[in-house]
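> Just the structure for this:
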Amino acid sequence: RDVAHRTWDSFTAMVDTDSGLPADVLNADGTTSVQTSTTNIGAYMWSAVAAQRLGFISKQELAARLSRTLTTLEHMERYGDTGQYYNWYDHRDGSKLTYWPPSPNDEFHPILSSVDNGWLAVGLRIVQRSVPALSQRAGALYHAMDFGFYYRPDVNRVLFHFRPDDPGASPCCYDTVVSESRIIDYIGIARGQLPQKEYYGRWRSFPDTCDWSWQETKPIGVTRTYFGVPVFEGAYPYNGTMITPSWGGSMFEALMPDLFVPEETWAPNSWGVNHPLTVDAQIHHGMVDAGYGVWGFSPSNTPEGGYGGYGVDAIGMDPGGSTSNEDHTTVDHGFAGCPGRDPQPDPPPTAYTNGVVTPHAAFLGLRFAPEATLADVTKLADDFPDMYGKWGFRDSVNVQTGTVSGSYLSLDQGMIMAALANQLGDDVLRKAFVSPSYERALRPVIGIEQFGASASP
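Got it, this is the predicted structure:
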């Protein structure tokens, strides 16, 4: 409860009192970034609901806070009649950003991000179903959002994002299922905006043929058909198990949607197998492969400044390697049967220099490894000064140098808040997001699948 309370306090520090919008970044000195994103706004809304349910704020304060947020959202620029928000706004007034603060010369093209709008929709739906005084207003914004707008039927996938000033520059598409972006599938299918088969348009792994032998690991699996779509159920061998991989081997790709949708229950032969194996793999990598003594790898602030896409390379599909350390230590398990692709020895623990651990990744494992999670975050707080303070956990730490991030990221704080609220509050955010109609629409779609993942090779 102490961690949850301090994490909520970080939101009170990063939210503008007039606009009700959170900043993207809260610095240790109390200053904030100018920019915010739609994901950050969604994270603040579900965190506020969690804070009230855990007794940190009253129902009156909850309604007052989120009324300000909704007022700003109601006046923020959206794209046409899609109900879709742009990706970056000034958190002080909700104005759309066209340059990266603080430099007016650092211009960028505003986009509509499908996944970021998805996380905003999660926040709106939770407010709609949890705060009676704001239900109509939150519901109006939520129901105005059209996720079918991103669907490309020729490939049966959804766009990464859409660029209104140059639609031809809108890249296609989210193509892996072990990805935080599957929240779009859930919302779109539940609302009838995406076909059921869209869920099966994504890779479980890349194919196992020599044309794909640039992968660091050869997947093993069989092809099954769901809703008329053939799916190669490939999985990667790791530490005596088989794991359906994500792109970067990170925790938030695998487990963020599970904060709101009971995937392991609705899909026992896919997510019910893969989630605990993913958590175990993160623990094994941190404690054995790399010998860090702590674990939790996911995109986060780089302790020395900037942002990094950290993960466990052995369970990621990224051919360039999304690694657990700044020095980019990769593995290559070869590709049997293909010329020039013999396996290479795994790096020793001493090769994993400048490892980066982020607390939000550990908290995402709370449901599946509660004792290991609590031991991990306790060690992070004990071993690294400044890691844990009045606003909860800083975003990351270099476990070799002891350098601690000087920032808190609102998205990562929102994941910590959601994991703790579900643990302490009887799955409060899952129950707020999922209704019987959602279950009727989604469970038959995801529940029929059998991943190639297995606790044995």
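
> how many neighbours does the spatially closest residue to Asn87 that is not a sequence neighbour have?
Leaving aside its sequence neighbours, Asn87 sits nearest to Ser113 (C-beta to C-beta, 6 or more residues apart in numbering; 4.6 Å). The way it works is simple: take the backbone N, C-alpha and C, and place the C-beta from them, glycine included. Residues lying near Ser113 (other C-beta atoms under 10 Å) number 23.

> so who does Ser113 touch?
Contact analysis of Ser113 by C-beta atoms under 8 Å, 6 or more residues apart in numbering lists 37-38, 87, 160-161.

> In helices, which of those fall?
When DSSP state H is applied, the contacts of Ser113 are split such that Thr38 fall in helices.

> Return the member of the contacts of Ser113 nearest to His275.
Nearest to His275 out of the contacts of Ser113 is Phe160 (C-beta to C-beta; 24.4 Å).

> if we can go back for a sec, between the contacts of Ser113, which sits nearest Phe149?
For the contacts of Ser113, the nearest to Phe149 is His161 (11.2 Å; C-beta to C-beta).

> what bridges to the closest one?
Ser113 (DSSP bridges).

> Settle this for me: it is touching His109, isn't it.
No - distance between His161 and His109: 10.1 Å, which falls outside the contact criterion (C-beta atoms under 8 Å).

> So for those two, which sits in the more crowded spot?
His161 (21 against 10).

> Now do the same contact list for that one.
Contacts of His161 by C-beta under 8 Å, 6+ apart are 87, 111-114, 170-171.

> Give me the buried subset of the residues you listed.
Taking 16 or more other C-beta atoms under 10 Å as the criterion, what is buried in the contacts of His161 is 87, 111-114, 170.

> Widest-spaced pair of those residues?
Asn87 and Ser170 (12.7 Å).

> and Gly321, what pLDDT?
At Gly321, the pLDDT value in this model is 85.

> Just give me the neighbour total for the residue lying closest to it once chain neighbours are set aside.
Closest residue to Gly321 apart from its sequence neighbours, by C-beta to C-beta, 6+ apart: Thr330 at 3.7 Å. By other C-beta under 10 Å, the residues close to Thr330 number 18.

> Wasn't Thr330 part of a helix?
No - assessed with DSSP: H, G, I helix; E, B strand; the rest coil, Thr330 is coil; it does not lie in a helix.

> coming back round to it: find residues that contact each of Asn87 and Ser170.
Taking C-beta under 8 Å, 6+ apart as the criterion, Asn87 and Ser170 both touch 111, 161.

> State the distance from the nearest residue to Ile111 once chain neighbours are set aside to Ser250.
Residue nearest to Ile111 in three dimensions, not counting chain neighbours: His161, with 4.3 Å by C-beta to C-beta, 6+ apart. His161 sits at a distance of 20 Å from Ser250 (criterion: C-beta to C-beta, to the nearest Å).

> Equivalent analysis for Pro257, please.
For Pro257, the distance to Ser250 - C-beta to C-beta - is 13 Å.

> So for those two, which sits in the more crowded spot?
Using other C-beta under 10 Å, the more surrounded residue of Pro257 and Ser250 is Ser250, with 32 against 23.

> Just put the contacts of Ser113 in TSV and tack on pLDDT and distance to Ser454.
Output for the contacts of Ser113, formatted as TSV (pLDDT from 0 to 100; distance: C-beta to C-beta, whole Å):
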residue	pLDDT	distance to Ser454
Ser37	98	37
Thr38	99	37
Asn87	97	38
Phe160	97	31
His161	96	35
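
> with the contacts of Ser113 in mind, which one is nearest to Val445?
The nearest member of the contacts of Ser113 to Val445, counting by C-beta to C-beta, is Phe160 at 22.3 Å.

> I'd like to check which residues are in contact with that closest one.
By C-beta under 8 Å, 6+ apart, the residues touching Phe160 are 113-115, 170-174.

> Let's see which of those residues end up in helices.
Mapping the contacts of Phe160 onto helices (DSSP H) picks out 114-115.

> Quick check, Ala13 in contact with Ala28.
No - using C-beta under 8 Å, Ala13 is not in contact with Ala28, being 10.6 Å away.

> which residues are in contact with both of those two?
In contact with both Ala13 and Ala28: no residue, using C-beta under 8 Å, 6+ apart.

> Turn the contacts of Phe160 into a markdown table, including distance to Ala381.
Listed next are the contacts of Phe160 as a markdown table, based on distance: C-beta to C-beta, whole Å:
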| residue | distance to Ala381 |
| --- | --- |
| Ser113 | 33 |
| Ser114 | 36 |
| Val115 | 31 |
| Ser170 | 43 |
| Pro171 | 40 |
| Cys172 | 43 |
| Cys173 | 40 |
| Tyr174 | 35 |
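
> host element of the residue most central in space within the chain?
The chain has Phe252 as the residue nearest its centroid, 3.7 Å off, counting by C-alpha atoms, centre = their mean. Taking DSSP states H and E as the definition, one finds Phe252 inside helix 251-255.

> Give the rounded mean pLDDT of that helix.
99.

> Against which helices or strands is that helix packed?
Contact here means 3 or more C-beta pairs under 8 Å, 6 or more residues apart in numbering; DSSP states H and E; on that basis helix 251-255 packs against helix 271-284, helix 359-364.

> Could you tell me how many residues sit around the closest residue to Asp208 other than its chain neighbours?
Leaving aside its chain neighbours, Asp208 sits nearest to Pro219 (5.1 Å; criterion: C-beta to C-beta, 6+ apart). Neighbour count for Pro219, taken as other C-beta under 10 Å: 24.

> Just the CA trace of stretch 344-356, in CSV.
What follows is stretch 344-356, C-alpha atoms only, in CSV (Å, rounded to 0.1, in the frame of the first residue of the first chain):
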residue,chain,number,x,y,z
GLN,A,344,26.9,-19.3,-30.9
PRO,A,345,27.8,-19.8,-27.3
ASP,A,346,25.7,-17.8,-24.9
PRO,A,347,27.5,-14.8,-23.4
PRO,A,348,28.7,-15.3,-19.8
PRO,A,349,27.2,-13.1,-17.0
THR,A,350,30.3,-10.9,-17.1
ALA,A,351,29.4,-9.9,-20.6
TYR,A,352,26.2,-8.2,-19.4
THR,A,353,27.7,-4.9,-18.5
ASN,A,354,25.6,-1.8,-17.6
GLY,A,355,22.3,-3.7,-17.2
VAL,A,356,19.2,-1.6,-16.8
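
> how about that stretch: buried residues?
If you call a residue buried by 16+ other C-beta under 10 Å, then stretch 344-356 has these buried ones: 347, 352, 354-356.

> Likewise for stretch 159-178?
159-162, 170, 173-178.

> Then stretch 18-28?
Neighbour counts over stretch 18-28 (16+ other C-beta under 10 Å) mark 19-26 as buried.

> Run through the residues that contact Val158.
Contacts of Val158 by C-beta under 8 Å, 6+ apart are 114, 147, 150-152, 173-174, 181, 184-185, 188, 194, 198.

> With Asp166 instead?
His109.

> lowest-confidence helix or strand of the chain?
Between all helices and strands in the chain, the lowest mean by mean pLDDT, DSSP states H and E belongs to strand 307-308, at a mean of 94.

> Brilliant, that's me finished.
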